[in-house]
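>>> model this:
(chains A and B)
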Amino acid sequence: MKARRRKAVRKRRAVAKTARAPLASEPRAETEVGRLARQLTELAEQQQATTDVLRLISGSPGELEQIFSNILASAIRLCGAHNGVINRWDGHALQLVAALNMPPAFVELRKQSRYNRRQHSASGRMLATRKPVHIADLAGDRAYLEGNPPTVAAVELGGVRTMLAVPMLKEDELIGSFSIGRTQMRPFSDKQIEIAQNFAAQAVVAVENARLFHELRETLQQQTATSEVLQVIASSPGDLKPVFETVLAKASQLCDAEFGNIYRWDGEALHLVAWHNTPSAFAEFRKSGPFHPSATSLIGRMVKTKTVTHVVDAKDNRDYVERRDPSLVAAIELGGVRTYLAVPMLKEGSLIGAITVFRQEVRPFNDKQIALLTSFAHQVSIAIENMRLLTELRQQTDALGRSVGELQRERANKLMNLEAMTASISHEVRQPLASIASNGGAALRFLAHTPPDLDEVRAALNRIVSDSHRAGGIFDNIRALFGKTDWDRAPIDLNELVRAVLTDLQGDFDDRRIATAIELLPDLPLVNGHRGQLQEVLFNLARNALEAMEAVENGSRTLKVSTVRHDAKRIVLAVEDSGPGIDVKQAANIFDPFVTTKPQGMGLGLALCRMIVERHAGQLSTAPAQPRGSIFRVVLPVGGVT
Amino acid sequence: MTPPAETKAMVFVIDDDASMRAALSSLLASVGLRVTALASASEFLQAKLPDCPTCLVLDVRLPGLSGLDFQAELAKANIDIPIVFMTGHGDIPMTVRAMKAGAVEFLPKPFRDQDMLDAVRIGIERDREGRKRASLAAKLKASFSSLTAREQTIMGMVTSGLMNKQIAGDLGVSEITIKVHRGSVMRKMGAKSFAELVRMADALGIRRAE
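Got it, this is the predicted structure:
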């Protein structure tokens, strides 16, 4: 504070004249060298102050308050002022943002009241002309005399007499005012006005810097949030919950909202699927059932128009005032909601859900926040779609895996059946071959007797002939069963088939004291199939039952054959014996080759029975009977394969 | 071609296939064997067994009771008849099981006629040996039971290596008396030498191991 103060206060109207006053008032004794030296010092100081301010601006761009204080301090010092104020212009009014050496009462008053444009006030003139306004005696100014509150406050609370208001201009746009004042009436010099303008320009730079800084930081925050959400989407492909939670947490934070919800839309109602900080009573209300927004309600309109709904004060809405929309009433009364923003989530133009953020005070969301929430809604939509595609892919993969497994099983079955068939055929053929070989050996030996026993030779040769025909017959039978006629299907009445086969076996049953119980369903639907093959199956099952029951010494020997409906499309043929039953260990592979009981009749074992049944698109299974014995069930489709 | 040694032998063929039964019967008859052909194991159990060398020819798969189970049943009932198995399946575990249980042979169908005849002959021979051993043992038992109680005791003592004097001392009789008893034991048992008597005592299990 080297500026010398003058005690004498001279009233001067002309601003131009007062500009030279401080210099004119310097002592005459001062030499030219001394004057130049002082000017140099002042200049150096000025430069130093500017440098300090610029360093501060670049060092801590976000902290405007401190920068303003610093600028004010430097301006006051270099301009020989006593106090200073910085106001920001928001397009309608000036708002105090910084003050130095002003009493708290003034700051308090100015912060509470908005500084409206008035043509005749100093600021009013400055706003109108966008030029510095210099008032040598504020107490004598018209604004003061007319009682303009800021002017009165400046004079009476701040003790300002001479004031200088400089506009803060960013290019041509007014962004605020920079004022300095003196408690004595002593006009500022031109040089001081120039210095003040310089500092005002620095304040503009600081404001612009801070704006850019905040913008950058905001953008960075949004980018970070977006990348975090994307990361969650990428890292939890099978689970939407973490995605919803992250999105809501970030959206609430960046939109400066108290809480948020995510809903899924099923075409009729919204379902709450995720929430963040939502008051529990409100969340419970939303979870308690689907949320059917009425067409006229705010959310109903969002559903209909699929556009962003921004409600500044939910309490103002008629749906709330007239209590027409219970969901809105719940939001306000259970959630304390005042301002809220709802953004639809869309997939190819159709609604799939919504994301909402809420404030418990009336404070509108800005355009950036709306854009941000919209972008989050897109991300959630993508995550949902991702999830759907993934699930679909998994299902398809599973289905594919299943059908491959089925094919493999089918192939294994076919191979097994082939093996069983080969084994059965070979067993069948070995029987007559062994007879033929033995008969041949016998014939040769009887021929070698002396004399040759020709009767025996003839008998043996006859048996050879008959065994040869028998071997041939086996192949005929196999061809009849599985040859070209295999697919000659005809409608078959299983009941009739049962009666026919059991009649054939009646002699065997009688020999073994086996009782038969036949329970046939009347009006049994026909099956489409190969009669010979199905007959063979039943014949085999009946023969197996018969043989199993030979082991029963004491106790009943009963064969039960029944037909029942399995379901609308299938019928069951069941053959139950009262034999010893199948060993549990054997039950699992009873249908495998070599596990068959002694083959009879055509000699095809259970493996071939199963093969035949499967060729008829049916199933053959076995289970223990009660109190003992086994049940074999043949399940066949009604109408059969076509 | 019809060795007299086998004329009295009897072969049981058990197969549920009638044609197989006929063929085997004929083959076995062609070498002079007597054959009884049966359709199941239970028929065999009901039949009266002849007192001559016997052999069984069985299919491993029989109605009711399988050939292998039948083999086990016979062993349980202490009926020791050599068995020749036939099978339509070349089933190795089954073969092993049958052979371990003492089967003579396991022939896959169709077998060579000579293989069957050889197997049957071995079976009959085995049974003949068995019967011979059994009849000798029975004869021995009969001779032994014809001895008096005192003679039986003395036979046990002398074949255990005791001197006449020791035996006389132990029994409280004179040495002469022991010598008389000993002579009558040799005669009644039909032993031509003392060594033979020791073998008989061994077979009867009456030697005292001292």
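>>> relative to A:A437, how far out is B:M20?
11 Å (Cβ to Cβ, to the nearest Å). In short, each C-beta sits where N, CA and C put it, glycine included.
>>> and the pLDDT for residue 52?
The chain I'm using is chain A. The confidence metric pLDDT takes the value 79 at A:D52.
>>> not quite, I wanted chain B
89.
>>> tell me if it really is in a strand.
No: read with DSSP: H, G, I helix; E, B strand; the rest coil, B:C52 is coil and lies in no strand.
>>> show me what contacts the closest residue to it other than its chain neighbours?
The shortest distance from B:C52 to any non-neighbouring residue, by Cβ to Cβ, 6 or more residues apart in numbering or on different chains, is to B:K8 (4.6 Å). By Cβ atoms under 8 Å, 6 or more residues apart in numbering or on different chains, the contact set of B:K8 is B:34, B:52-53.
>>> going by secondary structure, B:K8 is in what exactly?
Using DSSP states H and E, B:K8 sits within no helix or strand.
>>> how close does it get to chain A?
Using Cβ to the nearest Cβ, to the nearest Å, we find B:K8 at a distance of 19 Å from chain A.
>>> contacting residues around the residue of chain B found nearest chain A?
Per Cβ to the nearest Cβ, B:D113 is where chain B lies closest to chain A, at 2.4 Å. By Cβ under 8 Å, 6+ apart, the contact list for B:D113 reads A:437-438, A:440-442, A:444-445, B:27.
>>> and the nearest residue to it once chain neighbours are set aside, what's its pLDDT?
Distance criterion Cβ to Cβ, 6+ apart; nearest residue to B:D113, sequence neighbours excluded, is A:G441 at 2.4 Å. On pLDDT, A:G441 comes in at 93.
>>> how far away is A:F213 from A:E63?
Separation of A:F213 from A:E63 (Cβ to Cβ) stands at 10 Å.
>>> correction: A:Q619
82 Å.
>>> endpoints of stretch A:167-175, how far apart?
8 Å (Cα to Cα, to the nearest Å).
>>> how far out from the middle of the chain is it?
48 Å (Cα atoms, centre = their mean, to the nearest Å).
>>> contact partners of it?
A:86, A:88-89, A:126-127, A:130-132, A:176-178, A:200-201, A:203-204, A:207-208.
>>> rerun that using 7 Å as the cut-off
Residues from elsewhere that reach stretch A:167-175 (Cβ atoms under 7 Å, 6 or more residues apart in numbering or on different chains): A:88-89, A:126-127, A:130-131, A:176-178, A:200, A:203-204, A:207-208.
>>> state the distance from the closest residue to chain B within the stretch 501-642 of chain A to B:V60.
Closest contact between the stretch 501-642 of chain A and chain B, by Cβ to the nearest Cβ, is at A:E550 (3.9 Å). Applying Cβ to Cβ, the value for A:E550 to B:V60 is 17 Å.
>>> could you do A:I355 as well?
Using Cβ to Cβ, A:I355 is found at 78 Å from B:V60.
>>> more neighbours: these two, which one.
Neighbour count, other Cβ atoms under 10 Å in any protein chain shown: between A:I355 and B:V60, A:I355 has more, with 26 against 23.
>>> pull up the pairing partners for the helix or strand that that one is a member of, direction included.
Per DSSP H and E: A:I355 is located in strand A:350-359. Strand A:350-359 has the following strand partners under DSSP bridges: strand A:259-265 (antiparallel), strand A:339-347 (antiparallel).
>>> list the contacts of it.
A:251-252, A:255, A:257-265, A:270, A:302-303, A:306, A:335, A:337-346, A:373, A:376-377, A:380-381, A:384.
>>> could you point out which element follows that strand?
Counting by DSSP H and E, what follows strand A:350-359 is helix A:367-448.
>>> mind listing what's buried in the helix or strand just after that next one?
Sequence order places helix A:454-482 as the next helix or strand after helix A:367-448, per DSSP H and E. Under the neighbour-count criterion of 16 or more other Cβ atoms under 10 Å in any protein chain shown, helix A:454-482 has A:456-457, A:459-460, A:463-464, A:467, A:470-471, A:474, A:477-478, A:480-482 buried.
>>> on that earlier part again, so the residue nearest to B:D113 makes contact with B:L28?
No: look at A:G441 against B:L28 with Cβ atoms under 7 Å: they stay out of range, at 9.8 Å.
>>> so which residue is smack in the middle of chain B?
Closest to where the C-alpha atoms of chain B average out (Cα atoms, centre = their mean) is B:G130, at 2.6 Å.
>>> secondary structure element for that one, which one?
With DSSP H and E as the test, B:G130 turns up in helix B:113-146.
>>> what's the pLDDT at residue 63?
Here I'm looking at chain A. At A:E63, pLDDT is 78.
>>> my question was about chain B
Note on B:P63: pLDDT of 64.
>>> again with the one 5 residues further on
pLDDT, B:L68: 80.
>>> contacts only, for it.
Contacts of B:L68 (Cβ under 7 Å, 6+ apart): B:60, B:94, B:97-98.
>>> strand partners of the strand or helix carrying A:R633, parallel vs antiparallel please.
Assigned by DSSP H and E, A:R633 belongs to strand A:630-637. Here strand A:630-637 has these sheet partners by DSSP bridges: strand A:570-576 (antiparallel), strand A:619-624 (antiparallel).
>>> residues making contact with the first one?
Spelled out, it's strand A:570-576. With Cβ under 7 Å, 6+ apart as the criterion, strand A:570-576 contacts A:494, A:524-525, A:527, A:541-542, A:545, A:560-566, A:625, A:629, A:631-638.
>>> need the buried ones from these selected in ChimeraX.
A single ChimeraX command selects the buried members of these (16+ other Cβ under 10 Å):
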select /A:494,524,525,527,541,542,545,560,561,562,563,566,625,629,631,632,633,634,635,636,637,638
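>>> follow the chain on from the lowest-mean-pLDDT helix or strand in chain B and name the next helix or strand.
Taking mean pLDDT, DSSP states H and E as the measure, chain B has helix B:92-100 as its least confident helix or strand, at a mean of 74. Later in the chain than helix B:92-100, the nearest helix or strand by DSSP H and E is strand B:105-108.
>>> relative to that next one, what are the paired strands and their orientations?
Going by DSSP bridges, the partners of strand B:105-108 are strand B:83-87 (parallel).
>>> what's the angle from the partner strand to helix B:113-146?
Going by axes from the mean of the first three to the mean of the last three Cα atoms, to 10 degrees, strand B:83-87 is angled at 150 degrees with respect to helix B:113-146.
>>> any stretches of the chain with poor pLDDT?
Assuming you mean chain A. A:1-30, A:61-62, A:113-120, A:237, A:412-417, A:420, A:480-488, A:583-604, A:640-642 (pLDDT under 70).
>>> actually it's chain B I care about, not the one you picked
B:1-7, B:63-65, B:89-93, B:208-210.
>>> distance check, the residue of chain B closest to chain A against B:E196.
B:D113 is 44 Å from B:E196, where distance means Cβ to Cβ.
>>> point out the residues in chain A that sit beside chain B.
A:423, A:427, A:430-435, A:437-442, A:445-446, A:448-449, A:456, A:459-460, A:463, A:467, A:470, A:547, A:550-551, A:594, A:598 (Cβ under 7 Å from any Cβ of the partner chain).
>>> list only buried entries from those.
Buried members of those, counted by 16+ other Cβ under 10 Å: A:423, A:427, A:430-435, A:437-442, A:445-446, A:449, A:456, A:459-460, A:463, A:467, A:470, A:547, A:550, A:598.
>>> state the distance from the closest residue to chain B within chain A to B:M20.
Residue nearest to chain B within chain A (Cβ to the nearest Cβ): A:G441, separated by 2.4 Å. Between A:G441 and B:M20 the computed distance is 13 Å (Cβ to Cβ).
>>> quick one on the thing from earlier: just the strands paired with strand A:350-359: most buried one?
Sort the strands paired with strand A:350-359 by mean neighbour count, taking mean count of other Cβ atoms under 10 Å in any protein chain shown, and strand A:259-265 sits at the top with a mean of 24.
>>> the inter-axis angle of it versus helix A:367-448?
Inter-element angle recorded for strand A:259-265 and helix A:367-448: 50 degrees (by the same axes, to 10 degrees).
>>> other SSEs contacting the helix or strand that strand A:259-265 is followed by?
Next along the chain after strand A:259-265, taking DSSP H and E as the criterion, comes strand A:270-276. Helices and strands touching strand A:270-276, as assessed by 3 or more Cβ pairs under 7 Å, 6 or more residues apart in numbering or on different chains; DSSP states H and E, comprise helix A:241-254, strand A:259-265, helix A:280-287.
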